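J.: Any chance you can model this:
(chains A, B, C, D, E, F, G, H, I and J)
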10 protein chains.
Amino acid sequence: MLYLVRMDVTLPTDLSAAETTALLAREKAYSQELQRDGRWKEIWRIVGEYANYSVFDVTDNDELHELLSGLPLFPHMRIHVTPLATHPSHI
Amino acid sequence: MLYLVRMDVTLPTDLSAAETTALLAREKAYSQELQRDGRWKEIWRIVGEYANYSVFDVTDNDELHELLSGLPLFPHMRIHVTPLATHPSHI
Amino acid sequence: MLYLVRMDVTLPTDLSAAETTALLAREKAYSQELQRDGRWKEIWRIVGEYANYSVFDVTDNDELHELLSGLPLFPHMRIHVTPLATHPSHI
Amino acid sequence: MLYLVRMDVTLPTDLSAAETTALLAREKAYSQELQRDGRWKEIWRIVGEYANYSVFDVTDNDELHELLSGLPLFPHMRIHVTPLATHPSHI
Amino acid sequence: MLYLVRMDVTLPTDLSAAETTALLAREKAYSQELQRDGRWKEIWRIVGEYANYSVFDVTDNDELHELLSGLPLFPHMRIHVTPLATHPSHI
Amino acid sequence: MLYLVRMDVTLPTDLSAAETTALLAREKAYSQELQRDGRWKEIWRIVGEYANYSVFDVTDNDELHELLSGLPLFPHMRIHVTPLATHPSHI
Amino acid sequence: MLYLVRMDVTLPTDLSAAETTALLAREKAYSQELQRDGRWKEIWRIVGEYANYSVFDVTDNDELHELLSGLPLFPHMRIHVTPLATHPSHI
Amino acid sequence: MLYLVRMDVTLPTDLSAAETTALLAREKAYSQELQRDGRWKEIWRIVGEYANYSVFDVTDNDELHELLSGLPLFPHMRIHVTPLATHPSHI
Amino acid sequence: MLYLVRMDVTLPTDLSAAETTALLAREKAYSQELQRDGRWKEIWRIVGEYANYSVFDVTDNDELHELLSGLPLFPHMRIHVTPLATHPSHI
Amino acid sequence: MLYLVRMDVTLPTDLSAAETTALLAREKAYSQELQRDGRWKEIWRIVGEYANYSVFDVTDNDELHELLSGLPLFPHMRIHVTPLATHPSHI
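T.: From the prediction side, this is the model:
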């Protein structure tokens, strides 16, 4: 089941450079693992913004919340979820 | 090059049923042709709304505007375009 | 799986009284049937507004869209869907 | 009498981990006690957000404000209350 | 129990002058009856706008919705209801 | 002359508990004095929010601004003022 | 006492050219009379919009509402009123 | 002196095809004349929308309003004007 | 040439009382000098808010930006500029 | 290919004067280099705001994001990108 998810990131300013690098590395690893197992289907950068649009393919709402709230950057994100259904014109 | 496009449809109320059916058929044919040639990559229905999110893969802004403004439903749509770039975490 | 759905109704002004009454009767019957089969779990009137908040319990996004877009009043509604997950404090 | 309440949480960043854990434990206990006595009828997590929708069943506005302003997380919440009435289609 | 209610009126343009006058007379009579029985406690005109702020004193949400949805102008109004509680500084 | 005033409070986080208590005491005393002299006609708590709606009865705009900007909590408030006129239906 | 008033005009489309011309002439005469008697102190066109910012100098809220609601274009206007006070830096 | 102007067009639905074609021809001629005399410096189509961003180079606010309000499509446009100044980084 | 300018001030919380007093004194002197030379034509306090509406009379956009960005409080202000033109009804 | 880009800057308050000066110098050099190579076609100051509108001419979305996210001030900016197409009236 598909969801469009917009994530806007505001990095905390009180982290050291090393802490920030580590945080972003954990975020990347977390995302790429979910991409590999197919649940994080698409991730695109919104041009000019520290934000992305992603498409998730999961079993239900609970699973999606679990994945999103598990993001290392979750405390520093504003997230909006749009549930998607099959479009009648889709081939 | 990718763009996320949101389309909200407000059908005119002064069309006959036959005219509406014909209009929607033209829209569907137009969309499916572009899906077949790969430029209209994705189309999803936004749950509960007469609206969709789509992803277009085109050469440039001009081509995208040409495709969108050519939609039979274009005069009855509110469209918002978000240019997408490659995300650093994308595998 | 649960969704919170807000529905704002704007009745068309060009229907006769009889047509309006019939439309609303079909809407009520449609809603009550779904309430009886458990998929439309809750429906509350928003005080002072021709609008309601409802909770749906369905299998997935597609089913929800099918139910909502099948509403007799669907063409005269503005609908917003919020997917719900289990809250960690819920007993 | 029913109210739909949306609560968006922004945790303060200057608390220690222990303080945060204690605060959240108090919040959970407070919520579960009200769920047990029936006044906090429903609580759902909004997918992807540190926010919830809840339904309260209380005698009047004053009681609701007392319950909400007594939440341990109240100083770190943005709350919006929508009064609900019985819907004519409700079975 | 108190509620602050904002009502914005948009009169339909397809009524005759006589119909409009009659509608407004019914609205005025309806309002004044509720003012006399104390449930419509306050009504003020918002300067420069065809809108008012009112304070209602009723037993519960259902009663308020019944009163508001019974307004002759209800189909031509946008209404927002804010539930009010006793303020700790109120003497 | 009447005004509806909405006040949203965001307490500073860098005050000690004692300082906060003192600040709130001064605010309460200031408000109650104005309530006693009739200029602060009404004050209601907005359910679920650290905010209030108040009605002021003063001679003119300047006097209202003087009263509002003199509030001990003024630096920590977002205030919106709506001038009120007599409603034609008011009895 | 001063107020800043923004007026956005949306002319009805079902008036004849003659009716529109007459309406605008009445509006102009009404405005110029109030300018001459000093209550309509300033009127500026907002560049690119069928809208104006005006400054009124009147005794109280009621008088302002009377003037504004008496505008021939009042039924075709969206008006917002901001009460003004003396600025401490004003010379 | 430069201004950025956004124009959103909503064509009236009660014009005949011929009337619409004539209106758009007049608009195009009007725009191209101003482009030739240098006052309408830039005009770009906003991708996916019946809207444009333009840059005007005129002597003052009055001249800009005269040009914009003279647009044949002016009654069917929502226009927003942003005054521009020289940027300190501009080479 | 006239512009309406709205300025909303948010004073920084990390200045000492003396620094704040000095900053505000510089702001007042700056404003009063421009009022004396006629470029800052009007300044009004928005009732209940640490904000003002002002009218500037300057030669062009660049001059206005120079004056506004030179305000001692500029770094602590949110400013919105509306270009004004002569109104056809202005006497 | 053209894009209109709005950039709103909020400088961090915890930098020393020297650090701020250096940061702004890097930003100016970065911008002027792109202006010289033609990719940063236009840059205008929005009157009264620490913000600019710019026009970029680049090959695709990815290149634009690379340029924008490489701005020294990028972490302190809110950026919105509008893709532009050729306007049918453009001469």
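J.: show me the contacts for A:Leu24.
T.: A:Leu73 (Cβ atoms under 8 Å, 6 or more residues apart in numbering or on different chains). To be clear about C-beta, it is placed using only N, CA and C from the backbone, and glycine gets the same treatment.
J.: where's it, which helix or strand?
T.: helix A:17-36 (DSSP states H and E).
J.: any idea of the mean pLDDT for that helix?
T.: Averaged across helix A:17-36, pLDDT comes to 98.
J.: right, is the helix or strand just after it up against chain B?
T.: As assigned by DSSP H and E, the chain's next helix or strand after helix A:17-36 is strand A:40-46. Yes: interface with chain B: strand A:40-46 contributes A:Glu42, A:Ile43, A:Trp44, A:Arg45, A:Ile46 (Cβ under 8 Å from any Cβ of the partner chain).
J.: surely the first one meets A:Leu34?
T.: No: counting by Cβ atoms under 8 Å, A:Glu42 stays clear of A:Leu34, with 11.4 Å between them.
J.: Run the chain-centre distance for the strand or helix carrying A:His80.
T.: Taking DSSP H and E as the criterion, A:His80 maps to strand A:77-86. Centroid displacement of strand A:77-86 relative to its chain, using Cα atoms, centre = their mean, to the nearest Å, is 10 Å.
J.: about what we covered before: as CSV, the residues of strand A:40-46 next to chain B with pLDDT and neighbour count would be great.
T.: As requested, the residues of strand A:40-46 next to chain B are arranged in CSV below (pLDDT from 0 to 100; neighbours: other Cβ atoms under 10 Å in any protein chain shown):
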residue, pLDDT, neighbour count
A:Glu42, 98, 22
A:Ile43, 98, 23
A:Trp44, 98, 22
A:Arg45, 98, 23
A:Ile46, 98, 23
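J.: closest to C:Thr21 among the residues you listed?
T.: A:Glu42 (46.9 Å; Cβ to Cβ).
J.: Skipping its backbone neighbours, what lies nearest the closest one in space?
T.: In space, and not counting its chain neighbours, A:Glu42 is closest to A:Val55: 4.0 Å by Cβ to Cβ, 6 or more residues apart in numbering or on different chains.
J.: surely that neighbour meets A:Leu2?
T.: Yes: counting by Cβ under 8 Å, A:Val55 does reach A:Leu2; the two are 6.0 Å apart.
J.: ok, A:Leu84 - contacts?
T.: So A:Leu84 contacts A:Leu2, A:Tyr3, A:Leu4, A:Val55, B:Trp44, B:Arg45, B:Ile46, B:Val47, B:Tyr53, C:Asn61 (Cβ under 8 Å, 6+ apart).
J.: hey, what's it bridged with?
T.: Assessed by DSSP bridges, A:Leu84 has beta-bridge partners B:Ile46.
J.: And the pLDDT at it?
T.: Reading off the model, A:Leu84 has pLDDT 98.
J.: what residues do A:Val55 and A:Leu2 have in common as contacts?
T.: A:Lys41, A:Leu84.
J.: Could you list the residues of chain A in contact with chain J?
T.: A:Leu11, A:Thr13, A:Arg45, A:Val47, A:Gly48, A:Glu49, A:Tyr50.
J.: Give the helix, strand or coil label for the fifth one.
T.: Same thing as A:Gly48. coil (DSSP: H, G, I helix; E, B strand; the rest coil).
J.: so it touches J:His80, yeah?
T.: Yes: taking contacts as Cβ under 8 Å, A:Gly48 lies within contact range of J:His80: 7.0 Å.
J.: Pick out whichever of the two has more residues nearby.
T.: A:Gly48 (27 against 13; other Cβ atoms under 10 Å in any protein chain shown).
J.: which ones are touching the more buried one?
T.: Listed by Cβ under 8 Å, 6+ apart, the contact set of A:Gly48 reads J:Val5, J:Leu64, J:His65, J:Leu68, J:Ser69, J:Ile79, J:His80, J:Val81.
J.: Span of stretch A:30-47 from start to end?
T.: The first and final residues of stretch A:30-47 sit 22 Å from each other (Cα to Cα, to the nearest Å).
J.: Please identify the buried residues of that stretch?
T.: Using 16 or more other Cβ atoms under 10 Å in any protein chain shown as the test for burial, stretch A:30-47 gives A:Tyr30, A:Ser31, A:Leu34, A:Gln35, A:Trp40, A:Glu42, A:Ile43, A:Trp44, A:Arg45, A:Ile46, A:Val47.
J.: what's in contact with it?
T.: The contact list for stretch A:30-47 (Cβ under 8 Å, 6+ apart) reads A:2, A:6, A:51-58, A:63, A:67, A:70-72, B:2, B:4, B:55, B:82-91, J:3, J:61, J:64-65, J:68, J:81.
J.: Inside helices: which ones of those?
T.: Residues of the contacts of stretch A:30-47 located in helices (DSSP state H): A:Glu63, A:Leu67, J:Asn61, J:Leu64, J:His65, J:Leu68.
J.: export these to CSV and tack on neighbour count?
T.: Converted to CSV, the ones in helices among the contacts of stretch A:30-47 look like this (neighbours: other Cβ atoms under 10 Å in any protein chain shown):
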residue, neighbour count
A:Glu63, 16
A:Leu67, 19
J:Asn61, 27
J:Leu64, 23
J:His65, 23
J:Leu68, 22
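J.: re the thing from before, out of the contacts of stretch A:30-47, which are buried?
T.: Among the contacts of stretch A:30-47, those scoring as buried are A:2, A:6, A:51-56, A:58, A:63, A:67, A:71-72, B:2, B:4, B:55, B:82-85, B:87, B:89-90, J:3, J:61, J:64-65, J:68, J:81 (criterion: 16+ other Cβ under 10 Å).
J.: Could I get the contacting residues of the closest residue to A:Pro12 other than its chain neighbours?
T.: Excluding its sequence neighbours, the residue lying closest to A:Pro12 (Cβ to Cβ, 6+ apart) is A:His76, at 6.0 Å. Contacts for A:His76 (Cβ under 8 Å, 6+ apart) come out as A:Val9, A:Thr10, A:Leu11, A:Pro12.
J.: Closest one of those to chain C?
T.: Nearest to chain C among the contacts of A:His76 is A:Val9, at 21.5 Å by Cβ to the nearest Cβ.
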